[in-house]
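K.L.:
Make a model of this:
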Amino acid sequence: MDVPPQFRNPHQGQGHQRKSQKQNMNKGPTPLFDDTSTMSDPQQQQYMGGQYAYGPPQPGFPGQQYMNDPMANMAVQYGASLAGQGKDVLEKKIDRIMSVSKMKYYFAVDTSYVVRKLGLLLFPYTNTNWTVNYQSDEPVAPRYELNAPDLYIPTMAFVTYLLLAGVALGRQDRFTPELLGMQASSALVWLVIEIIAVLFTLYVMNINSALKSLDLLAFCGYKYVGMILAILGGLFFASGGYYVTLIYCSASLVYFLIRNLKMFILGESDNENFGHGSKRRIYILLFITTLQPIFMYWLTYHLS
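P.N.:
Predicted coordinates:
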C-alpha cells in the first residue's frame, strides 16, 4: 500500500540509505576490472553430449601439437637424413686419414704375444730371426708374428707410464692433477714431434721405404716400456737404480730397433743395402734409434 509523501516518515529514507552504505562498505572497494580468472578458456571446451562443456584440458605432453603436425614430421625426417649423410661423410674422411681396418691389424694381439714381445723388448739379444712373414702380400697379424709391430703394447705402456709418473710425483710431494695433465700432454706432444721429424726427414732425403706411419708410431712407442722400468728402478733403488735401468733398457731398445727397422728401411737384399742411397738409409736408421734414449731420459729424469 502506497503512503502519500506528506505522511511518510522523513527519517525512514535516511535509515535505508545508511543501511545500503554499510552493506557497500562491508563488500569492500569496487574492483576496477572484472575477475576473469575463473572463466574457462574457449580452447579448453570439450564436446560432450552434443554440446560443448568447459573443463580441464586433456592430458598430454608439451609440444604434442607440433609432433602431430605433418610439416614438423617432415622436418624431423629431413634432419635425420642429413645427420645420416653427415655421419657417412665423416666416416669416409676418417677412413681416408686413418683406416679403421688398418688400426685393427695393429691391435690384433693376444696374451701370449704380449708376454713374448715384452721379453723380446727386454732381451732382444736372444732372438735370431727378425723377418716378418707375409700372407697374400699382407703382413701376418701380430698374434701370429712376433716381429710384427703392434700398437697395443705402446698404448698400455703409455697409460702405465702416466700412472707411475703420478706415483713418483706423489712421493716427491709435487703431485697435482694439473701437473699430471701437463706430463701427459708433454709426452704426447713430444711423440708427435718425433713422428713428424722422422717423416719429414724421410721426405727430404727422398727415401722410399716399407715403413708406414703406424709402423713408425709403434716402434717409437716401445720406448715407454723401458721408461716404466726406469721409473720403477728410481722408486725402489733411488737414482742409482734409475740410471742403471735406463742405460740397459736404452741399449736393448736401440738393438731391437736396429734389427727391426733394418728390414723396413734397408731392405732384405745385400745389393739394395749397399746400392744407391744406402748411406742415407743408414743415417735415417741411426737417427730414429738415437732419438729413443734421448726422449726416454727427457721424459723420466725429473721423476727419479
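
K.L.:
contacts and neighbour counts: CA atoms only from here.
P.N.:
Fine.

K.L.:
mean confidence for stretch 222-232?
P.N.:
For stretch 222-232, the mean per-residue pLDDT is 97.

K.L.:
Give me the residues contacting that stretch.
P.N.:
121, 153-154, 157-158, 160-161, 164-165, 168, 241-243, 245-246, 249-250, 253, 292, 296, 300, 303-304 (C-alpha atoms under 8 Å, 6 or more residues apart in numbering).

K.L.:
can you pull out the helices in the stretch 151-300 of the chain?
P.N.:
152-171, 177-204, 213-221, 223-261, 270-273, 278-298 (DSSP state H, counting those that start in this stretch).

K.L.:
Could you measure from residue 265 over to residue 252?
P.N.:
Using C-alpha to C-alpha, to the nearest Å, residue 265 is found at 20 Å from residue 252.

K.L.:
Count the neighbours of residue 301 for me.
P.N.:
16 (other C-alpha atoms under 10 Å).

K.L.:
Same question for residue 123.
P.N.:
Neighbour number of residue 123 under other C-alpha under 10 Å is 15.

K.L.:
wouldn't residue 263 be in contact with residue 129 here?
P.N.:
No - under the criterion of C-alpha atoms under 8 Å, residue 263 makes no contact with residue 129, lying 11.3 Å away.

K.L.:
okay, these two: which has more neighbours?
P.N.:
residue 263 (17 against 9).

K.L.:
could you list every residue that touches the more buried one?
P.N.:
Residue 263 makes contacts with 130, 131, as judged by C-alpha under 8 Å, 6+ apart.

K.L.:
ditto for residue 134
P.N.:
Residue 134 neighbours (C-alpha under 8 Å, 6+ apart): residue 140.

K.L.:
Give the bridge partners for it, please.
P.N.:
Under the criterion DSSP bridges, residue 134 forms beta bridges with residue 139.

K.L.:
Can you say which of the helices of the stretch 151-300 of the chain is nearest to residue 140?
P.N.:
Closest of these to residue 140 is helix 213-221, at 13.6 Å (criterion: C-alpha to C-alpha).

K.L.:
burial count for the closest residue to residue 296 other than its chain neighbours?
P.N.:
Beyond its immediate neighbours in the sequence, the residue positioned closest to residue 296 (C-alpha to C-alpha, 6 or more residues apart in numbering) is residue 227, lying 5.9 Å away. Counted by other C-alpha under 10 Å, the residues lying close to residue 227 total 28.

K.L.:
Kindly report the same for the one 5 residues further on.
P.N.:
Residue 232 has 21 neighbouring residues, counting by other C-alpha under 10 Å.

K.L.:
Name the residues of stretch 172-186 that are buried.
P.N.:
180, 183, 184 (16 or more other C-alpha atoms under 10 Å).

K.L.:
circling back to that earlier point, so the residue nearest to residue 296 versus residue 127, what's the distance?
P.N.:
Taken as C-alpha to C-alpha, the span from residue 227 to residue 127 is 22 Å.

K.L.:
do residue 119 as well
P.N.:
Applying C-alpha to C-alpha to residue 119 and residue 127 gives a distance of 10 Å.

K.L.:
What of residue 107?
P.N.:
For residue 107 relative to residue 127 (C-alpha to C-alpha), the value is 23 Å.

K.L.:
mind putting the buried residues of stretch 172-186 in CSV, distance to residue 145 included?
P.N.:
Output for the buried residues of stretch 172-186, formatted as CSV (distance: C-alpha to C-alpha, whole Å):
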residue, distance to residue 145
180, 36
183, 33
184, 31
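
K.L.:
so which of those comes closest to residue 198?
P.N.:
Distance to residue 198 across those (C-alpha to C-alpha) is lowest for residue 184, with 21.5 Å.

K.L.:
The closest one - nearest residue in space that isn't next to it in sequence?
P.N.:
Once flanking residues are discounted, residue 184 sits nearest to residue 162: 6.5 Å by C-alpha to C-alpha, 6+ apart.

K.L.:
what's the burial count for that neighbour?
P.N.:
18.

K.L.:
can you check residue 258 too?
P.N.:
Residues within reach of residue 258, counting by other C-alpha under 10 Å, total 16.

K.L.:
All good on my end, thank you.
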